[in-house]
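**Student:** Quick one, fold the following:
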Amino acid sequence: MTIAPTTTEPASEVRTLAERVFQQLQDAIVRGELAPGSKITEPGLAQSYGISRGPLREAMRRLEAHRLIERVPHVGARVVKLSIKELLELFDVREALESMAARLAAESMSAEEIAGLRDVLAVHERQADLQRGEAYYQREGDLDFHYRIVQGSHNRMLMGLLCDDLYYLVRMYRTQFSASGSRPQRAFVEHHRIVDAIEAGDAELAELLMRRHVSASRENVVERYARTLDADAVADTAR
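**Tutor:** As a prediction, the model looks like this:
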């Protein structure tokens, strides 16, 4: 997988090589192509991505800042892997803060912002993975429903916590462990109901629906994650 420099894009749109490497590694981690807990090395990544160490180090620094990789003494860098307790704590924080964001969004979002939310859901509805009921993968930033809700709260403190500090870590676990049974389609329906409440200006209902939505996601994610831990334990026993 080699990242070739581009010369055809306008200068204002050209990203640095380090930025492109960061985006590709981030996507690989979020989707589970680089598994949680897996060790990563600069020589290995440099060879896989066909780049020099300088841009790679910068990309890895950014991944560490976004809590997607961690450096472990005597081990080196590895993809972050939360314990069940840490995962529960993360979703507790998410439930409290995102429900608050939904309430504030119902009080603050403009008609144009709400129309933008509807547009995002229309894009999601056309996704092949959602239509097949396999997954509900949301691109980051403005194509992420939850990101847009937090932005719509117009609360800078919430935006800093949920759109920056915790965003990529939450997104990783949402993406890898939320695709189960009928959950993708149910989550999509719940998103529409949250937007309906926000559009109606019903702050109390928007907060309640978001709290229930995140709580359902939490139960699903924790159940699936526990299954992976059980599978790992069985595999370790068989070795």
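**Student:** neighbours around Arg118, how many?
**Tutor:** Look at Arg118: counted by other C-beta atoms under 10 Å, it has 11 neighbours. For the C-beta atoms, the positions are set from N, CA and C on the backbone; glycine is no exception.
**Student:** tell me the contacts of it?
**Tutor:** Neighbouring residues of Arg118 by C-beta atoms under 8 Å, 6 or more residues apart in numbering: Val195.
**Student:** Leu63 versus that one, what's the distance?
**Tutor:** 33 Å (C-beta to C-beta, to the nearest Å).
**Student:** how is the chain carved up into domains?
**Tutor:** 17-79, 84-235 (the TED database).
**Student:** Output the ones you listed as JSON lines; include the columns mean pLDDT.
**Tutor:** Supplementary listing: the domains of the chain in JSON lines, determined by pLDDT from 0 to 100:
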{"stretch": "domain 17-79", "mean pLDDT": "86"}
{"stretch": "domain 84-235", "mean pLDDT": "86"}
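**Student:** Please, which helix or strand holds the residue nearest to Leu162 when sequence neighbours are not counted?
**Tutor:** Nearest residue to Leu162, sequence neighbours excluded (C-beta to C-beta, 6 or more residues apart in numbering): Val150, at 4.6 Å. Using DSSP states H and E, Val150 sits within helix 145-152.
**Student:** how far is whichever helix or strand comes after that helix from where the chain is centred?
**Tutor:** Counting by DSSP H and E, the next helix or strand C-terminal to helix 145-152 is helix 156-160. Chain-centre distance of helix 156-160: 17 Å, with C-alpha atoms, centre = their mean, to the nearest Å.
**Student:** could you say which helix or strand contains Arg71?
**Tutor:** Element membership of Arg71 [criterion: DSSP H and E] is strand 69-72.
**Student:** partner strands of that strand, parallel or antiparallel?
**Tutor:** With DSSP bridges as the test, strand 69-72 is paired with strand 76-79 (antiparallel).
**Student:** Touching the partner strand from outside, list them.
**Tutor:** By C-beta under 8 Å, 6+ apart, strand 76-79 touches 29, 34-41, 60, 64, 68-72.
**Student:** same thing with stretch 60-73?
**Tutor:** Residues from elsewhere that reach stretch 60-73, judged by C-beta under 8 Å, 6+ apart: 18, 22, 25-26, 29-30, 40, 42, 45, 77-80, 165-169, 172.
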